[in-house]
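Colleague: after the sequence you'll find the predicted model.
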Amino acid sequence: MKPMKFGIGQAVRRVEDVRLVTGHGRYTADEIPEGALRAVFLRSPHAHAAFRITDTSAAKAVPGVRAVYVAADFADVGDLPCNAPMPDAKGKVMPLPPYPVLAKDVVRHVGDAVAMVIADTAENAMAGAEAIAIDYQEKPAVSDMHRAIAAGAPLVWPQFGSNVAVAAVMGDKAKCDAVFASATHVVEVEIVNNRLVSNYMEPRAAIASFDAATGGYQLISGTQGVHNTRGLVAKIMGIEPEKLHVVNHDVGGGFGTKGFVYREYPLLLKAAQKLGATIAWVSDRSEHFVADAHGRDNLTKATMALDGEGRFLALKVDILGNMGAYLSQFAPYIPWLGVTMATGPYDISVFYGEMRPVYTNTVPVDAYRGAGRPEAAYVLERLVDACAMKLGLARDAIRARNFVKPSQMPYKTATGRTYDVGEFEGAMRQALSKADYAGFAARQAASAAKGQLRGIGFASYIECTAWGSGEEGSVQLDEDGNFTVLIGTQSNGQGHETAYAQVVAQSLDVPLERVRVIQGDSQKVKSGNGTGGSRSIPVGAAMLNQASEKLAVQLKELASDVLEAAVSDLEIIEGRVIIGGTDRAISFAEIAKLPKATPERRLAVASFSPPEATYPNGTHVCELEVDPETGAVKLLRYTICDDFGMSLNPLLLAGQVHGGIAQGIGQALLEGVTYDDNGQLLSATFMDYCMPRAEDLPSYHFETRNVPSITNPLGLKGAGEAGSIGSTPAVMNALIHALSARGVTHIDMPATPAKIFAALR
Amino acid sequence: MPMIHMTVNGKAVKGHAEPRTLLVEFIRDTLRLTGTHVGCDTSQCGACVVHVDGHAIKSCTTLAVACEGAHVTTIEGLAHGTDLHPMQEAFREHHGLQCGYCTPGMIMSAVDMVNRKGHELSEHTIREELEGNICRCTGYHNIVKAVAAGAKAMQGMAKAAE
C-alpha cells in the first residue's frame, strides 16, 4: 500500500482531541436542554423480595414531582430481550425468564428498578422516590454460584425448578474421556474469573423526548450503535423503528457494556410521551454498579491430557457462568464464546466443553471487553503453566511444542473455528526476547537479595474479532470540496473520526480535517451494526476503504472530461486529480462544482461482510515483585508482541492495547465485585471497588509482529479487546511464578495483598 | 437562595445557589460550562477537578457558596483562543486521552502538579500524584508521558493557567 501522509499506517494525531482537551466534548449529560424534566429510578435495596407499592400519593405531593410510575403504568411495554438463548445437548433451547422494564411483585437483585419518578429537578425526583410507600417481604437469596447449584438453594426463577438455565455442550465426551483414560499425564485447574464492573468514566445518561405532531420519539444517549439501540427499544415499546430517532454524541467509554438496551431507555421515552415533555436521566456511579450489566464471573474446571513429551492430546472445560437474576442481551452466549476459543493457539485435536449458565440474585452479567475470550485465555494459560510445572518443562518449550504451526494454516480448531493465519511462536519468541526473559535469573537474584520475590510470567493468546454482521456506509464529495463519511459504527473513545478519515485520505490524499465522519445518528446514517467485538476497524475500515477507492475512480471519471485525459492517466495527489507527470489538474472543490457532478456521482456506497472472524494473537510478558512482608505487588516490566494483521494507526492501536492491559491487570490484582451471602452488594463505589490507578500500573513496551489476515481486504485484525485478553493470564502466571519460590502454586483473582499475604503464611 | 459571585476563567459571574449546591453543579448547570465532569459520587475519580484560587480541588466535594469571591479556572479557561495550553497540547500529542471524559480533570490536576512540583517530573512522581484521577481507557501510559512533556513545555510560562 502506497504510504500517504495522512493515510493508513500513519501515527497521525486525533482530530477529536481539540474539542475534548478544551472541555468542548458533548457527552449526553452536557446536552440536557433548559427546562427538561429529570427522572430518578427507585431501586430495590434487597436481593430478593416480594413487594407491594402501597401508596404513591405522598411522592406525588412532593413539590416539583410530575409523575410517579410503577410497572402497571407500562402494561403496553414489552420485556427487555435476551437474544442469545443457548440450546442443550439435544437442541432444546433454554427457557427465557421475563425481564420487565420495571419489576412486578418480586425484585430479584439489589438495584432492580421498581418505580420511576419524574420531577422538575433531580433533587425533587429523589425526594419523590424516597416518599414512595413500599412494602418488601424479603425472600431467601443466593449470590454464589456453588450455592446456587446446590440442592435446596433458593430459586431465582422457581418455575424453572433450578438455577441452572441449561447445559450447553460442545464436542464428543466419550471420545474425550477415552483420550484422557490413556493419557500419560492429566493436569487439572479450577479457575475463578472474578466479576467485574465496566466503570466507563461517563456514567450512562439519556434524554428522551416525544413530538406529538409527528408521533416521533427521540433518544439521546451514549450507546455502542444507534441502529441496534433503535431496533431493540422500538421493539420493546411496540413502535416502528422509523418512529424512533437515536442520537449519540461523545460517548465516554463503553467496553461492551454500553451496547445493551437498558430498561431506562423505553421507560424514559414512554414517560416523555405521557407527559409531553423532555425527560433526562443521569446515572450516578453507585447506580452504575447496580443498573448496568456486570462482566466475567465464571467458575471453570479445565483439564488437559498430555503425552509423555508434553503434547496436548485433549482438553476438557466445564464452565459455570453467572447470569445474574435476569438474562441480559447476550448473557448466555458470552461464556459460550469462550468455549469456542477454549483451545487457544494450541493444536489440541480432541475437545469437550460444557457450559452452564446459572441464575443468582445479582446484577445481570453480559459482555465486557473481551466477552468470554479473556475468561477462556486466562483458564487455558493458567492450565498450560500448570502443565509445564507438573511435567517439569520450560514454559516457552511446552507452548512452542503445542502451538498451531504456520504450516497448519488455515487451521480448523476442535471447537469449529478456522484460524486463517498466525505465527504464534514467532510472537512469543519476539516478546520474550524484548522482555529479556533469558536474563531474568540475575534480576530475580537481585530482588531476592532485597528480600523480594520476583516473578516473570507470560501468556500466549489468540482471540476472535469482527465476526458476524457486515457494515454498509458511504463517502461523499461535498459541494465545498470536503468529504463526508456516513457509518453505523460508534466511537466510544477509540478515535473513529481519525481512523476513518485516514482511510479516506489513503485514497483521496486530503488532510484529515477535510473529512467529516458522521456516526451516532439513526436518521443521518441509514444502517449500522455498531461497535463491539473489535469490529469497527476490521469491518468498518475495510468497507470504507472500498467506498473511498470507488469514489476516487468516480472523481477521476468526472475529471477526465475536463482534463481531456483518459482515467488511466489520472492520479490523485494532494486533494487534486492530476494528469500524471504534468501540472494539469483539477481540485476536488472544482470537480464538485462541475455540472456533471451530480450528488450520485459524488457519492460512493460500499458494504462489507466478513466471511470469518479475524484472529489477533500475541504474547504478553509480565515481570513483577512481591513484597512478602506486605503481600504488595509491584509491576516492574510489561512487554507485548501482538499480531494485529495491519496497523491502521499505530498510535491509536497502542492506546487500545494499553487500556486493555490496564483492565486485565485490574481483573488480576485489584477489581472484584463482592456480594455477601444474602446478595447484598458490598462494592458499589470507587471507595470499595478498586479501580486501577496510575501508580498501580507500569509503562508498557508494545510492538507488533503483524501477519495480515486474509478474511478482509486490508489484512486487519480487531485490536480493541486483545489487551484485556493477554494481560490477565500474563500477570497471574508471573505472580504464581514469584510465589512458587515459597511453595504457593495457586491463588485466585483478584490477587490482593491480603490474599497474597495469607497465601504466603 | 443566596446569590454568589466568582471570577470564572477571568470573567466575573454570579448566580443563585442553594447552600447545598456543589461547585460542580454551579459550574455545569448554572454557568453551563460542561467541560467539568462528574464521574463518581465519592470524590475518587477526579473528572471534576478545577482550580480555585490557584489550587486544584474536586468541585464535586466543594460547596458553591464556599467559593464566594474566588477565582475559578475550569478546563475551558486554559487555552488562549485557538492556542492550546501546553498541557492540553501534550495530551493531544501523546494520545493521552481516548474517550476524553476524565481528560479535563486530568489536565487540571496535571497543571496543578507542575505548579507544585516543577517542570521535571519523574514517572514515579506523576503516577503517585495522579492517585486522585481515574482513567478507564488509556491504562495511564500515555497520560504519564503527556504530563511529563506538558510539564517541560510549561517552562517559561508565568504561573500557569491562572
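Modeller: Yes, it's here. Numbers count the residues shown, from 1 in each chain, chains lettered A, B, ... in the order given.
Colleague: from residue A:129, how far off is the residue in chain B positioned nearest to chain A?
Modeller: Going by Cβ to the nearest Cβ, chain A is nearest to residue B:35 of chain B, at 1.9 Å. Every C-beta, even on glycine, is put in place using the N, C-alpha and C of the backbone. Distance, residue B:35 to residue A:129, using Cβ to Cβ, to the nearest Å: 30 Å.
Colleague: looking at those two, which one has more neighbours?
Modeller: residue B:35 (27 against 23; other Cβ atoms under 10 Å in any protein chain shown).
Colleague: let me see the contact set for residue 121.
Modeller: All of this is about chain A. A:38, A:64 (Cβ atoms under 8 Å, 6 or more residues apart in numbering or on different chains).
Colleague: please go with chain B instead
Modeller: B:113-114, B:129, B:147-148, B:151.
Colleague: the residue of chain B closest to chain A contacts residue B:105, doesn't it?
Modeller: No - look at residue B:35 against residue B:105 with Cβ atoms under 8 Å: they stay out of range, at 9.7 Å.
Colleague: ok, which stretches of chain B are helices?
Modeller: B:23-25, B:86-93, B:103-117, B:123-129, B:141-153 (DSSP state H).
Colleague: closest to residue A:589 out of the ones you listed?
Modeller: Of all the helices of chain B, the one in closest proximity to residue A:589, counting by Cβ to Cβ, is helix B:86-93 (28.1 Å).
Colleague: can you state the direction angle for that closest one and helix B:141-153?
Modeller: 140 degrees (axes from the mean of the first three to the mean of the last three Cα atoms, to 10 degrees).
Colleague: what parts of the stretch 651-761 of chain A come near chain B?
Modeller: Within the stretch 651-761 of chain A, the positions near chain B by Cβ under 8 Å from any Cβ of the partner chain are A:651-652, A:654-655, A:658-663, A:685-687, A:691-695, A:697, A:699-700, A:723.
Colleague: are any of these buried, and which?
Modeller: Buried by 16 or more other Cβ atoms under 10 Å in any protein chain shown: A:651-652, A:654-655, A:658-663, A:686, A:691-694, A:697, A:699-700, A:723, out of those.
Colleague: so of these, which ones are in strands?
Modeller: Among those, DSSP state E puts none in strands.
Colleague: quick one: pLDDT of the closest residue in space to residue A:164 that isn't next to it in sequence?
Modeller: Leaving aside its sequence neighbours, residue A:164 sits nearest to residue A:356 (Cβ to Cβ, 6 or more residues apart in numbering or on different chains; 5.1 Å). We note a pLDDT of 98 for residue A:356 in this prediction.
Colleague: number of nearby residues for residue A:356?
Modeller: So residue A:356, with other Cβ under 10 Å, has 24 neighbours.
Colleague: ok, now the one 4 residues further on?
Modeller: In terms of burial, residue A:360 registers 30 neighbours under the definition other Cβ under 10 Å.
Colleague: going along the chain, name the strands of chain B.
Modeller: Using DSSP E, strands in chain B cover B:3-8, B:11-16, B:49-52, B:55-58, B:71-73.
Colleague: ditto for the stretch 201-350 of chain A
Modeller: A:205-211, A:216-221, A:244-247, A:279-282, A:294-306, A:312-324, A:350-359 (DSSP state E, counting those that start in this stretch).
Colleague: now swap in the stretch 651-761 of chain A and tell me
Modeller: Using DSSP E, counting those that start in this stretch, strands in the stretch 651-761 of chain A cover A:701-704.
Colleague: excluding sequence neighbours, find me the nearest residue to whichever residue of chain A sits closest to chain B.
Modeller: Taking Cβ to the nearest Cβ, chain B has its nearest neighbour within chain A at residue A:23, 1.9 Å off. Distance criterion Cβ to Cβ, 6+ apart; nearest residue to residue A:23, sequence neighbours excluded, is residue B:35 at 1.9 Å.
Colleague: neighbours around the residue lying closest to residue A:277 once chain neighbours are set aside, how many?
Modeller: Spatially, and ignoring its direct neighbours in sequence, residue A:277 is nearest to residue A:37 (5.0 Å; Cβ to Cβ, 6+ apart). Per other Cβ under 10 Å, the neighbour tally for residue A:37 reads 26.
Colleague: phi, psi of residue A:37?
Modeller: The phi/psi pair for residue A:37 (degrees, to the nearest 10) reads phi -80, psi 160.
Colleague: any weak-confidence spans in chain B?
Modeller: For chain B, applying pLDDT under 70 flags the ranges B:158-162.
Colleague: could you chop it up by domain?
Modeller: B:3-77, B:86-161 (automatic domain parsing).
Colleague: go ahead and confirm residue B:99 touches residue A:252.
Modeller: Yes - applying Cβ under 8 Å as the test, residue B:99 and residue A:252 come out as touching, 4.6 Å apart.
Colleague: and for these two, which residues touch both?
Modeller: A:200-202, A:492-493.
Colleague: quick check: the two most widely separated of the residues you listed?
Modeller: Maximum distance among these (Cβ to Cβ): 10.9 Å, for A:201 and A:492.
Colleague: spit out the residues that contact these two alike.
Modeller: A:252-253, B:99.
Colleague: of those, which is the nearest to residue A:612?
Modeller: residue A:253 (29.0 Å).
Colleague: count of neighbours near the closest residue to that closest one other than its chain neighbours?
Modeller: Nearest non-adjacent residue to residue A:253, counting by Cβ to Cβ, 6+ apart: residue A:200, 3.0 Å away. Applying other Cβ under 10 Å, we find 25 residues neighbouring residue A:200.
Colleague: noted, bye for now.
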